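Novice: Sequence and predicted structure below; questions after.
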Amino acid sequence: METEALEEKSIRRRLYRVLRKTGVNKENIQPDASFIDDLNFDNIDWTIFTNFLERDFNISIKDEELSKFGKVDDTLHYLKMELTFLSN
């Protein structure tokens, strides 16, 4: 259980780093922050964010999965599931 918490913390830290690379202010990054309403993502932001995410986590995200990312926490849950699946 402790290892799982450390892994989540590491994933969260990497996700937040990707968001900062996308241009999001550190103060605005919260688990319940909405990409549209709080972070003001537009199509260009989504493209940049997706590219950084895929490169940083070495994954490929389908458009239908990306459309489920309403909040930062949704992305964190997706990453945990995807990385767990890839490691098995």
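Specialist: Structure's in. What do you need?

Novice: And the helix or strand where residue 10 lies, how far out from the chain middle?
Specialist: Assigned by DSSP states H and E, residue 10 belongs to helix 2-22. Put simply, helix 2-22 sits 8 Å off its chain's centre (Cα atoms, centre = their mean, to the nearest Å).

Novice: Also stretch 32-51?
Specialist: From the chain centre to the centre of stretch 32-51 is a distance of 10 Å (Cα atoms, centre = their mean).

Novice: And the contacts of stretch 20-36?
Specialist: Residues outside stretch 20-36 that contact it (Cβ atoms under 8 Å, 6 or more residues apart in numbering) are 16, 19, 38-39, 41, 45-46, 48-49, 52, 69-73, 76. Placement of C-beta: from N, CA and C, glycine included.

Novice: for the helix holding residue 10, which positions count as buried?
Specialist: Within helix 2-22, the residues that count as buried by 16 or more other Cβ atoms under 10 Å are 11, 12, 15, 16, 18, 19, 22.

Novice: Not counting its neighbours along the chain, what's nearest the fifth one?
Specialist: Spelled out, it's residue 18. residue 52 (4.6 Å; Cβ to Cβ, 6 or more residues apart in numbering).
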